[in-house]
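>>> Okay, here's the prediction I keep looking at, along with the sequence it came from:
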Amino acid sequence: MDRHGLVCRTVLEQPDITQREMAQKLKVSLGTVNGLIKECIGKGYIAERTDGGGGSGWELTGEGRRLLEGYKVDGALIIAAGFGSRFVPLTFETPKGLLEVFGERMIERQICQLHEAGITDITIAVGYLKEKFEYLMDKYDVKLLYNPEYSDKNTLATIYRSRKVLKGRNMYVLASDNWMRENMYHAYECGAWYSAAYQDGETKEWCLSFNKRGRITDVKIGGRDQWVMYGPAYFSREFSARFLPVLEAYYKSPGTEQFYWEQVYVDMLSGEARRRLEQEDGELLNEAVRASGLSPAHWDEIEMDANRQPDNQVYEFENLEELRLFDPRYQNHSDNAAMKLVAEVFKVPESQIKDIRCLKSGMTNKSFLFKVGERHCICRIPGPGTELLINRKQEKQVYDAVACLGITEHVIYMNDRTGYKIAEYYEGARNADASDWSDMDRCMEMVRRLHQSGITVGHDFDIRERIDFYEKLCSSHGGILFEDYQEVRGWMDWLMDRMDAMDRPKCLSHIDANVDNFLFLGDGGVKLLDWEYAGMCDPIMDVSMCAIYSYYDEADMEKLLAIYLQREPTKDEYFAVYAYAALGGFLWSLWAVYKSALGDEFGEYTIIMYRYAKKYYRKLRKL
């Protein structure tokens, strides 16, 4: 950090500042400030001045302004791509950076603070619920940069995607969900820095070591009574020139998908960056060296200072509980539909809903875990477009019909109009393991019990009708993505005609017999969850669906069928299990295409399901 530049900036911003005030502002001793001022006067950066009333101070000279010009901030990058899982259920509806604190959205507060400092060239890196940020383009003239990897990679990937915004420029790098009490931004910054806050006691944060001038020399995760990385950062163009080439090499290295961008900087300081790239790919190391113009032996000399902030200045809310403590409005008035529902169902204020955690989002719905009193429960929130995919009245009818079997989760509340559901959470339970055949034996036992119960409902699961319906949904949202779709659709018609001709029996079937929906309890019991697609259907459908959800091959699929039947399958039963595997794969590939059009991506799942359709059609045509 250029201390002469800091003196010049301080004089520019506050000409009447005293030496004592400057010492406090620069976090140095009074003697050091006295020496710096003399040096700046000697170099012609500042000049003493007096006013007519006997007051004194300094003024910036032309030479001082030229010095500052090289430190002029060009703009800011605000990272706003992530989901914010520790703020569910609020972030199911609103990105974390758009949550309000004391009636002001966190990202807007930062944008306004930047504007106050004269910084208007602002880029927001978006991903999750990206459309929610679009209004900022009109309101503040910001630019949006989309990170397509937001759902499965961390901030290292976001910086990589934003590297062109940073290269050759002096840029703030901010998180959309930070809240700064006082404006800490300036028109000029005299070197790269990372905001630091002092934490008493034990901490799991990234703890800083720095020299007398504030230069960071080491970073360790965890410590006691330490200054920690906390809040915004600033990349000078010199810092970016050395840092970004190494970050690009990290991005191309395996195993870095969940890295924060800070990890690259920490590894450069420690020497780990050189070791990693040498071991992973020597060419990546060479690329980083060529691009940065800096030998790996000198990567540990990368310059970034600790910008120490006073207490209660920077806030990084770790979860909803912390936000509640800071802004009392969130204790009982979060303006969130799910929180309001839970409060109404349990007849408690929102402040008594505790230990809120995001569960792994399902492919159809989103869920969060919470505690009210001594009860742990799960609240299900229907995903986008679900109202077209799921008949909630039929779902509730199924739950009511099978209640006597005691095989479902304990449902506390279910709305057959909205699809919201609250159910008991089973401590110590686990999902079935598709690779454990003893688990699969118990799963098929549960399915057999359902099929043999004699329980009926008034609706079918008609796979022909569902394929037609999903096809229309896909067409209305941009068309079918598969090049050979029409040909494969004809294949599926042939399979459905064959299955209709076989006139197989129907019974109440689960349809969504995914191993993740089988819950093995601590007391040895088993529960079958999520009956959204259940209806009257060929019982073999449940075996096929379980098999393709588990990504089984032919041998495993036939083994699962034999376990279910408890005997050697007949020729027709083999035909049925493969036909439904093909049809199920085709159906769920259409489902995934439709969900993708709504903004939900499921990676390779779509292709895997489509391959099941083609593979088992071809197999059956040869029989």
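Looks like it came in fine. Predicted model, so just to flag it, every value in this text is computed and none were measured.
>>> next SSE after the longest helix seen in the chain?
In the chain, with assignment by DSSP state H, the single longest helix is helix 571-597. Going down the chain from helix 571-597, the next helix or strand is helix 605-621, by DSSP states H and E.
>>> what does that following helix rub up against?
Helix 605-621 is contacted from outside by 363, 482, 488, 491-492, 494-495, 498, 548, 551, 554, 575, 578-579, 581-586, 588-589, 592-593, 596, using Cβ atoms under 8 Å, 6 or more residues apart in numbering. The way it works is simple: take the backbone N, C-alpha and C, and place the C-beta from them, glycine included.
>>> least trustworthy helix or strand in this structure by mean pLDDT?
Ranked by mean pLDDT, DSSP states H and E, the helix or strand of the chain with the weakest confidence is helix 386-389, at a mean of 73.
>>> Check the offset of it from the chain's centre.
Relative to the centre of its chain, helix 386-389 is centred 24 Å away, using Cα atoms, centre = their mean, to the nearest Å.
>>> Poorly predicted segments of the protein, please.
Filtered on pLDDT under 70, the chain yields the residue ranges 50-56, 281, 360-364, 384-385, 479, 599-602.
>>> Just give me the residue closest to the centre of it.
Centroid-nearest residue in the chain, with Cα atoms, centre = their mean: Phe83, separated by 3.4 Å.
>>> hang on, isn't that residue packed against Asp152?
No: the pair Phe83 / Asp152 is not scored as a contact, 10.8 Å apart, by Cβ atoms under 8 Å.
>>> which residues does Ile563 contact?
By Cβ under 8 Å, 6+ apart, the contact list for Ile563 reads Trp437, Met440, Asp441, Met444.
>>> how far away is the spatially closest residue to Leu90 that is not a sequence neighbour from Ser351?
Ranked by Cβ to Cβ, 6 or more residues apart in numbering and with sequence neighbours excluded, the top spatial neighbour of Leu90 is Asn336, at 5.2 Å. The spacing between Asn336 and Ser351, counted by Cβ to Cβ, to the nearest Å, is 13 Å.
>>> Gly42 now?
From Gly42 to Ser351 the distance is 61 Å (Cβ to Cβ).
>>> Which one's more surrounded, those two?
Neighbour totals were compared for Gly42 and Ser351, and Ser351 leads with 14 against 9 (other Cβ atoms under 10 Å).
>>> what about the residue lying closest to that one once chain neighbours are set aside, which helix or strand?
Using Cβ to Cβ, 6+ apart and skipping the chain neighbours, the partner closest in space to Ser351 is Gln331 (4.2 Å). Per DSSP H and E: Gln331 is located in helix 329-332.
>>> Give me the contact list for that helix.
Residues from elsewhere that reach helix 329-332, judged by Cβ under 8 Å, 6+ apart: Glu100, Phe102, Gly103, Leu320, Leu323, Arg324, Ala343, Pro349, Glu350, Ser351.
>>> check contacts around the third one.
It refers to Gly103. Arg329.
>>> Now it: phi and psi?
With angles defined as degrees, to the nearest 10, Gly103 sits at phi 80, psi 10.
>>> where's it relative to Asp327, distance?
9 Å.
>>> Bridged to the residue lying closest to Leu359 once chain neighbours are set aside, which residues?
Closest residue to Leu359 in three dimensions, ignoring its sequence neighbours and counting by Cβ to Cβ, 6+ apart: Ser367, at 4.5 Å. Beta-bridge pairing for Ser367 (DSSP bridges): Arg380.
>>> hang on, Ser367 packs against Arg357?
No: the criterion here is Cβ under 8 Å, and Ser367 misses it with Arg357 at 10.0 Å.
>>> Mind checking which of these two has more residues around it?
Taking neighbours as other Cβ under 10 Å, Ser367 and Arg357 compare with Ser367 leading, 21 against 13.
>>> all helices of the stretch 401-550 of the chain, in order?
437-451, 463-476, 485-502, 540-549 (DSSP state H, counting those that start in this stretch).
>>> in the very next helix or strand once past the last one, what's buried?
When you say that, I think you mean helix 540-549. Remark: after helix 540-549, the chain's next helix or strand is helix 554-565, criterion DSSP H and E. Buried residues in helix 554-565, defined by neighbour count with 16 or more other Cβ atoms under 10 Å: Asp556, Met557, Glu558, Leu560, Leu561, Ile563, Tyr564, Leu565.
>>> burial of the closest residue to the first one other than its chain neighbours, as a residue count?
In this case it means Asp556. Spatial nearest neighbour of Asp556, excluding adjacent residues (Cβ to Cβ, 6+ apart): Ala547 at 6.8 Å. Residues contacting Ala547 under the criterion other Cβ under 10 Å number 27.
>>> wait, isn't Ala547 in contact with Leu560?
Yes: using Cβ under 8 Å, Ala547 and Leu560 qualify as a contacting pair, with a distance of 5.4 Å.
>>> can you point me to the longest strand in the chain?
Scanning the chain for the longest strand, with DSSP state E as the assignment, gives strand 216-235.
>>> With just CA atoms, put that one into PDB.
Taking Å, rounded to 0.1, in the frame of the first residue of the first chain, the C-alpha atoms of strand 216-235 are listed here in PDB:
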ATOM      1  CA  ILE A 216      -0.600  -9.900   4.500                       C
ATOM      2  CA  THR A 217       2.000 -12.600   4.900                       C
ATOM      3  CA  ASP A 218       0.000 -15.700   5.700                       C
ATOM      4  CA  VAL A 219      -3.600 -16.900   6.000                       C
ATOM      5  CA  LYS A 220      -4.700 -19.900   8.200                       C
ATOM      6  CA  ILE A 221      -8.200 -21.200   8.600                       C
ATOM      7  CA  GLY A 222      -9.100 -21.100  12.300                       C
ATOM      8  CA  GLY A 223      -7.400 -19.400  15.200                       C
ATOM      9  CA  ARG A 224      -8.000 -17.400  18.400                       C
ATOM     10  CA  ASP A 225      -8.200 -13.600  18.900                       C
ATOM     11  CA  GLN A 226      -7.300 -12.900  15.300                       C
ATOM     12  CA  TRP A 227      -7.900 -10.400  12.500                       C
ATOM     13  CA  VAL A 228      -9.900 -12.400   9.800                       C
ATOM     14  CA  MET A 229     -10.800 -11.900   6.200                       C
ATOM     15  CA  TYR A 230     -14.200 -10.300   6.400                       C
ATOM     16  CA  GLY A 231     -16.100  -8.300   3.800                       C
ATOM     17  CA  PRO A 232     -15.100  -6.700   0.500                       C
ATOM     18  CA  ALA A 233     -11.800  -6.800  -1.300                       C
ATOM     19  CA  TYR A 234     -10.000  -4.500  -3.800                       C
ATOM     20  CA  PHE A 235      -7.900  -5.700  -6.800                       C
END
